[in-house]
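# This is a predicted model, with the sequence first.
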Amino acid sequence: MARFNSRKVTVRMQGAAGNGMTIGPGPGDFTHGATNKGNSEKLRVLDRGAFDCHVEGDDLEQEFSITVGQKAESATSALVARVMDFIKQTGVFTPVTGLLPTQSVSSNPDIWAWETVVTMVLGATTATFTIPYCIGDYAFAEAMEGNSISISGTNNGDIVRT
């Protein structure tokens, strides 16, 4: 049986106009949290202490994370895409003056939110997860075998699968 694996997956973060970057290289550890039909909580309703039915509650929020290897390059650049610049909307991704200006996918333009697109390809088969409303942070770790940048955050919106 053929299987997708991390060698056949790309992860792209992008703003409302599609400006963004494919991130990596990394160990292939992208994860996102649970979702379900309707992407909502299912609340149980009791009638005098006995189960009556379920009703929909709040939309679910999925956490996500990925670790990428830090390349031997400057941590910020006004000319070339950098992971930390994308998260902070600085450097080449500065909203107004950057070469790849990014606009938030949030309806509140003061909150920087992006979509994450995970694409898996194996032969003639392609599968995609589009995670629509991501906000997040990054952390840095140094290591003998290579430094890493860990990106983590949350998504608010139904994950689209194609």
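Happy to help now that I have it. Numbering: from 1, shown residues only.
# Identify the residues contacting the most centrally placed residue in the chain.
Residue closest to the mean C-alpha point of the chain, counted by C-alpha atoms, centre = their mean, is residue 116 at 3.9 Å. By C-beta atoms under 8 Å, 6 or more residues apart in numbering, residue 116 lies in contact with 11, 12, 13, 64, 130, 131, 134, 155. C-betas here are computed from N, CA, C, even on glycine.
# How about residue 136: what's its closest non-neighbour residue?
Closest residue in space to residue 136, ignoring its immediate chain neighbours: residue 153 at 2.2 Å, by C-beta to C-beta, 6 or more residues apart in numbering.
# Quick check: bridge partners of that neighbour?
Note on residue 153: beta-bridge partners residue 64, residue 136, judged by DSSP bridges.
# can you start the count at 748 instead of 1 from here on
Sure, I'll start numbering at 748, so the last one becomes residue 900.
# and the gap between it and residue 780?
Note on residue 900: its distance to residue 780, by C-beta to C-beta, to the nearest Å, is 11 Å.
# quick one, what contacts residue 828?
If a contact means C-beta under 8 Å, 6+ apart, then residue 828 has 768, 839, 840, 847 as its contacts.
# Narrow those residues to those in helices?
Residues from those lying in helices, with DSSP state H as the criterion: none.
# Can I get those in CSV including distance to residue 805?
Putting the contacts of residue 828 into CSV (distance: C-beta to C-beta, whole Å) gives the following:
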residue, distance to residue 805
768, 32
839, 37
840, 31
847, 34
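# More neighbours: which of residue 900 and residue 780?
Neighbours per residue (other C-beta atoms under 10 Å) separate residue 900 from residue 780, with residue 900 holding more: 20 against 13.
# got a list of what the more buried one touches?
With contact set as C-beta under 8 Å, 6+ apart, residue 900 has these partners: 810, 811, 812, 881, 882, 883, 884.
# hang on, the earlier thing: which one of the contacts of residue 828 is nearest residue 892?
The nearest member of the contacts of residue 828 to residue 892, counting by C-beta to C-beta, is residue 768 at 23.6 Å.
# ok, now which ones touch the closest one?
Neighbour list for residue 768: 759, 760, 761, 828, 830, 833, 847 [criterion: C-beta under 8 Å, 6+ apart].
# Do I have it right that the last one meets residue 839?
Yes. Contact criterion C-beta atoms under 8 Å: residue 847 and residue 839 qualify, at 5.2 Å.
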